[in-house]
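K.L.:
sequence and predicted model, in that order:
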Amino acid sequence: MWFILLCTALPQLLFAQGDINKLILRDGKSPCEGHLQVYHKGEWRYVGDKNWKRSTEEVVCRSTNCGTPVSSKESFRPSGSKVWLNDLNCNGNESHLWDCENPGWGTSNFQKDTARKVQCSNNIKIRLDGFKCAGAVQYSTDGENYSGYICADNWDHKRVRLRGNSKNVCQGLLEIEDQSESWIPVTNANRVSPELSCSQMFCGTNASQTTDDAGMKLKCTDKVSVVLMDNNKGTDCHGVVYIKVNDTVHPVCASTWTMTEAKVVCRERGCGRVTDTRTVSQSDLVGIMDYVKCSGNESSLWHCPAKHREQSKSIPCSTLAYVVCAASVDVRLVDGRGRCVGTVEINYEGTWQKVFAERWTDTNSNTVCSYLKCGKGRSFGPSPFIPQLGRTVTCPPNAVHISDCKISDFSPVGKQGVMLICEDHYDVFLSGNDSCTGTVMIDHGTKIHRLSGSRNTWNEEAANDVCQRMNCGRAINFSSSPIDSVNNDVSIVSYNCLNSRSLLKCKNTTLPSNDTRTVATVTCSERITANLTSECWGHVNICVGTKCGGVSKVSWTQNMSVMLCDNLGCGKPVQPIRNQKYFQEVIIASLYPTAHTRNVSQSVIVMKNDRARIKNPAYVVCSGSIKTNIKPSRYKCSGNVEIFREGQWVPVCKDSLKSTVTQNTICRELKCGQAFKMIDYFGPTADSVISSIQCPHNDSDTVKDCNIDLSLVNSLCTLGGLQCSDWRQMELKFNQTCSGAVFVYSKGKRSAVSAQNWTETEGRRLCQDLKCGNFKSKEEIDSVESFWNASFSCKGVKDPESIWDCEMPRVPSRGRQKQLFIECQDEPVVTLSGKCRGEVKINNRSVCGHNWNFDYSHLACQEQQDCRDAVFSNSTAPIIKRSLQHVACESYHDKLGQCHSFEGLCPGGPVSVYCIGGVRFKTTGRCGGQIKVNYRNQWENVCLLGLPSKLKDKLCQELGCQGYNSTIEKPIKKSTTKVRMETALDCTSEHNDIRYCVVQKPCGTVQPAEIYCKGYVLETTNNAPRWISSVLPIILGGIFLLLLIFAAVCIGKKHRKKVLNGESYEVDDPRENYDDIEACSEITKVEVHDSHEHTSEIFTRYPGQDEDYLVPGIDG
């Protein structure tokens, strides 16, 4: 057990990075190859590859002790997986990946469904030193020199298993293997660790448990079940064996597969015994387990000893396990006149196939008829249908179920099928060559009744009367055919039809005892046909002989519509939705079908005479004319739903698709499986819409059985689309929008498209579907992904509407398959009207803001140089009568050009986006004051929802200041004015780039956010006017100058005194006035005032001044 855990845990032990964050390479062939995953805050996530470069790989390989980078490539990451780091800017010398410059943890938007896969130079391996399956455990860091051993402390050999159920084998009663290799329940006496038990059984890492008298019941975190799949579709009791782990399926390799393992699978699935098991050759698949060795008593295949993927990260499969269980085998009779007669078909491996008449026996007939509850077999013989592919069946005398019979392999050579009639079969039918010829036959078990050809009741007059009354001209041939000796036991009935218009209403006449045993036949001179002018819809068209025309609308009834639609194989009549123009000439005044008439052409017909003025012909729409479609595109079985009604395709209102019955019916008609989900309509508006679809039951395979209403005015109707379970999409990956490796995306899984059969024709069709212009080139590349189970060839396909019309079964290839890489001529260019901001354009065409998703804004910004993610987007006023580009993206699209698009009128106007690369900051003062941000062409205040200290420093550095000054908690003078703001700074400790903190979020009316950095000068008073900061240096300079002058005067006076004393002295100049000069120590003072206050009553305001002013000589 511990060796198994070691193989899983060793890479994490080797690559642990400190106590908090860790980096590991996973899903590769060795611990030094794989996807980058980072452990942060208790969760493993991937690393995005925005602006990826080799210096990033150098940090990865060095920090994981894996040497130096060898190679890297894009590879798919699991659907729904998250990304911790993206947009890394490494110089190559960082100690850890998260030390590289980056926006922060989980901060940068990363919508790509791929991640970078890196291969480093070191090659870590583990081996057993001794024998193949036993020995001391060694490890190597270069793949060659095994320099160390793993200590054996705490290793044990106990095995555990769960007695679970088929839906989740990782939940149930926990059992442990004792020394005698018997399985006993785990109780408090032999208690084991639930977490270790789950890990040992590959059922996850954590568990919840309960204990009762039966023992410990365990529920591990993983949900695991064994599933069967055929052609990538889930089946109940046959197919390739897969393991489903948390909604993701993985194949089981079949290197040592036997009947024992197959029995465990069939029993686990509740499908009875094994009918057949085999291995299927397959390349380029990675399995979840191999070398499975069951004892036969396991409750699940998952609990059988095997090599699991967790032990070795990659298990390549060369063969897969395939089983056929008894419950998947079935039989039926088709193409017959009833339930107990027809051609024998067997359902084997999910497909109904013909059974060959060769080697068919009475025992086979009795087995099939008994199984179908039709008694025993009456007779069998070759099927009248053309030879087809099928199987040979041989049943033993004691067979009860068709699965008890031996079923041969599918024959590639067509052979005659077997037609079987069981004892309980009976039917009534009209036999004849056309509308004017026929006899009545009644088949009930072993008795058949035919109309008597007795000369007493069947003659020329009777024959002519029948033909004339049916507008079939005259009888050109009538006869009484003798019954051959083989059919002597056939009973005869006789009817006198001379005075009756309908054969079934003729008087029953008892035959004389000496009457010969004959049956009546007749052939009339004319022929009558009935159809509609447009196959299954249009005006009723009846041809009597060579003359064709319409039927009076007045005489036409609903029952006639029912009969005609049925005769034509067009389903049932539906209500017409349009007023039709009458272009059909009416030639028949009325029709009178009898109670036993089964064909409109066999009705009694009254022709229109010359005097009658009838202009309105009957008009019928059969359900067979109604077709549904999901508009062709790069998608198959997903998109806008359309209904074909009376010659046009009409979109469907979303409300009419709400019923799951309706959804399933549409999907089944299109051979798209079952309904998966409703989706939004994406396309131009329409004048007419389907307003209602009501399907009667859930087993209908066509909308022809539904009631459909159409509205000619589209008012307040939201159109809808549908995605079926078999949906799939063609896409290009690993390069540009219009060039790359071709994949099919279906059911959350991608499969490589084989290059087999691809020519310029298929390439041209695909490029058109992708809206990438004309085909340019193709090449074949290697692929590590499994291949799609079909190939593509447009040869023989007339005017394909999409590449899916060219899909065909894939022919097995002898050599290694190559994936298709295609390049189209066009490449969409996404631009903004300004630097990192402005109106979004694709190929210089403005994009509509209606139904614009903010995730699309990220794509638009990321396609611009150094613009990062989006901050905000908006739409301008609608532009009347101007078509704009409309886009709709999937969650995995990483380029705007990959999204679906069409041109149409835009109700919301063009969209503009504003990117992080265009965000700028400033403050109202030098290195401090209110924070202003500009990201949408205007400076605006922000409110503060969060700003950690490290980001305060970065903001100050962004402002050109040295750093955040934490000593200034509040400014000396703080504005109390509140402002209504629509932008916030919402930073967390996970952010590294303050620009990513800018969010468009209304804050209400609050005080604007402020910051004070080193270099900010404090204001000295609370009431200082704002203009004081600008004039203060001038005032100070003036004061300093006055001081200098004053000092010079004082020095001059002293100098004169000294001169007078023999050295120098001062001479008073009578012209000088020194009254304004006080003692040298006295300094003039100034005071700063706000504008609306008086300092003293003797001072008055200068006229016309409202600004602050200085008052000299007053103490402050």
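P.N.:
Alright, I've got the coordinates. Numbers count the residues shown, from 1 in each chain.
K.L.:
how near is Arg920 to Leu955?
P.N.:
Using Cβ to Cβ, to the nearest Å, Arg920 is found at 12 Å from Leu955. All C-beta atoms are positioned from the backbone trio N, CA, C, and that covers glycine.
K.L.:
comparing those two, which shows the higher neighbour count?
P.N.:
Neighbours per residue (other Cβ atoms under 10 Å) separate Arg920 from Leu955, with Leu955 holding more: 23 against 11.
K.L.:
quick check, pLDDT for that one.
P.N.:
Per-residue confidence for Leu955 comes out at a pLDDT of 94.
K.L.:
once you drop chain neighbours, what's closest to it?
P.N.:
Counting by Cβ to Cβ, 6 or more residues apart in numbering, Leu955 lies nearest to Ile994, which is 5.2 Å off, once chain neighbours are set aside.
K.L.:
show me the contacts for that neighbour.
P.N.:
Neighbouring residues of Ile994 by Cβ atoms under 8 Å, 6 or more residues apart in numbering: 921, 947, 951, 954-955, 958, 985, 987.
K.L.:
which one (most neighbours) among those residues?
P.N.:
Neighbour max across the contacts of Ile994 (other Cβ under 10 Å) = Cys987, 26 neighbours.
K.L.:
ramachandran angles for the closest residue to it other than its chain neighbours?
P.N.:
Leaving aside its sequence neighbours, Cys987 sits nearest to Cys997 (Cβ to Cβ, 6+ apart; 3.9 Å). Here is the backbone geometry of Cys997 (degrees, to the nearest 10): phi -80, psi -10.
K.L.:
give me the number of residues near Cys997?
P.N.:
Neighbours of Cys997 using other Cβ under 10 Å come to 27.
K.L.:
what does Val1006 give?
P.N.:
14.
K.L.:
show the pLDDT at the residue nearest to it when sequence neighbours are not counted.
P.N.:
Sequence neighbours aside, Cys943 is the residue nearest to Val1006 in space, at 5.4 Å (criterion: Cβ to Cβ, 6+ apart). Cys943 carries a pLDDT value of 93.
K.L.:
just Pro696 next, same as before
P.N.:
With respect to pLDDT, Pro696 scores 80.
K.L.:
against Ser121, how distant is it?
P.N.:
Taken as Cβ to Cβ, the span from Pro696 to Ser121 is 67 Å.
K.L.:
try Asn86
P.N.:
Taking Cβ to Cβ, one finds Asn86 at 25 Å from Ser121.
K.L.:
between these two, who's got more neighbours?
P.N.:
Asn86 (24 against 12).
K.L.:
circling back: identify the bridge partners of the residue nearest to Val1006.
P.N.:
On the basis of DSSP bridges, Cys943 is bridged to Ala984.
K.L.:
which residues touch Ser408?
P.N.:
391-394.
K.L.:
filter those down to the buried ones, PyMOL style.
P.N.:
Buried subset of these, written as a PyMOL selection, criterion 16 or more other Cβ atoms under 10 Å:
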select buried, resi 391+392+393
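K.L.:
in strands, which of the contacts of Ser408 fall?
P.N.:
Secondary structure from DSSP state E places 391, 393-394 of those in strands.
K.L.:
which of those residues sits closest to Trp758?
P.N.:
Using Cβ to Cβ, Arg391 is the member of these that sits closest to Trp758, with 33.8 Å.
K.L.:
if I've got this straight, Thr277 is in a helix?
P.N.:
No. Judged by DSSP: H, G, I helix; E, B strand; the rest coil, Thr277 forms no part of a helix; its state is strand.
K.L.:
hmm, Val324 and it touching each other?
P.N.:
Yes. The pair Thr277 / Val324 is scored as a contact, 7.0 Å apart, by Cβ atoms under 8 Å.
K.L.:
looking at these two, which one has more neighbours?
P.N.:
Between Thr277 and Val324, Val324 has the larger neighbour count (other Cβ under 10 Å), namely 25 against 21.
K.L.:
ok, now which ones touch that one?
P.N.:
For Val324, the contacting residues are 237-238, 274-277, 348-349, by Cβ under 8 Å, 6+ apart.
K.L.:
6 Å instead, please
P.N.:
Residues in contact with Val324 (Cβ atoms under 6 Å, 6 or more residues apart in numbering) are 238, 275-276.
K.L.:
how many residues are close by Asn664?
P.N.:
20.
K.L.:
what about the helix or strand encompassing it, average pLDDT?
P.N.:
Asn664 belongs to helix 660-669 when elements are defined using DSSP states H and E. Averaging pLDDT along helix 660-669 gives 92.
K.L.:
just send the ones in strands among the contacts of Ser408 back as a markdown table, with distance to Ser379 and pLDDT too.
P.N.:
As requested, the ones in strands among the contacts of Ser408 are exported to a markdown table (distance: Cβ to Cβ, whole Å; pLDDT from 0 to 100):
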| residue | distance to Ser379 | pLDDT |
| --- | --- | --- |
| Arg391 | 22 | 88 |
| Val393 | 17 | 92 |
| Thr394 | 19 | 92 |
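K.L.:
and the pLDDT for the residue nearest to Leu955?
P.N.:
The predicted structure scores Ile994 at 94 on the pLDDT scale.
K.L.:
before we move on, back to that, make TSV from the contacts of Val324 and add pLDDT to it.
P.N.:
Shown next, in TSV, are the contacts of Val324 (pLDDT from 0 to 100):
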residue	pLDDT
His238	94
Thr275	90
Asp276	91
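K.L.:
does Ile931 touch Asn941 like I think?
P.N.:
No. Using Cβ atoms under 6 Å, Ile931 makes no contact with Asn941, being 7.2 Å away.
K.L.:
quick check: nearest residue in space to Thr529, chain neighbours excluded?
P.N.:
Here the residue nearest Thr529, using Cβ to Cβ, 6+ apart, is Cys543, at 4.8 Å.
K.L.:
let me see the backbone angles for that neighbour.
P.N.:
Per degrees, to the nearest 10, the backbone of Cys543 is at phi -110, psi 120.
K.L.:
any idea how far it lies from Cys304?
P.N.:
In this view, Cys543 and Cys304 are 71 Å apart by Cβ to Cβ.
K.L.:
tell me which of the two has more neighbours.
P.N.:
A count of neighbours by other Cβ under 10 Å puts Cys304 above the other of Cys543 and Cys304, at 19 against 16.
K.L.:
for that one, give me phi and psi.
P.N.:
Listed backbone geometry of Cys304 is phi -80, psi 150, with angles given as degrees, to the nearest 10.
K.L.:
dump the residue contacts of the residue lying closest to it once chain neighbours are set aside.
P.N.:
Take Cys304 and drop its neighbours on the chain: the residue closest to it by Cβ to Cβ, 6+ apart is Cys294, 4.0 Å away. By Cβ under 6 Å, 6+ apart, the contact set of Cys294 is 260-261, 264, 304.
K.L.:
as CSV, those with distance to Gly647 would be great.
P.N.:
Shown next, in CSV, are these (distance: Cβ to Cβ, whole Å):
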residue, distance to Gly647
Thr260, 61
Glu261, 57
Val264, 58
Cys304, 61
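K.L.:
okay, and which of those residues map to strands?
P.N.:
Going by DSSP E, the strands hold none of those.
K.L.:
and of these, the nearest to Asn664?
P.N.:
For the contacts of Cys294, the nearest to Asn664 is Val264 (33.8 Å; Cβ to Cβ).
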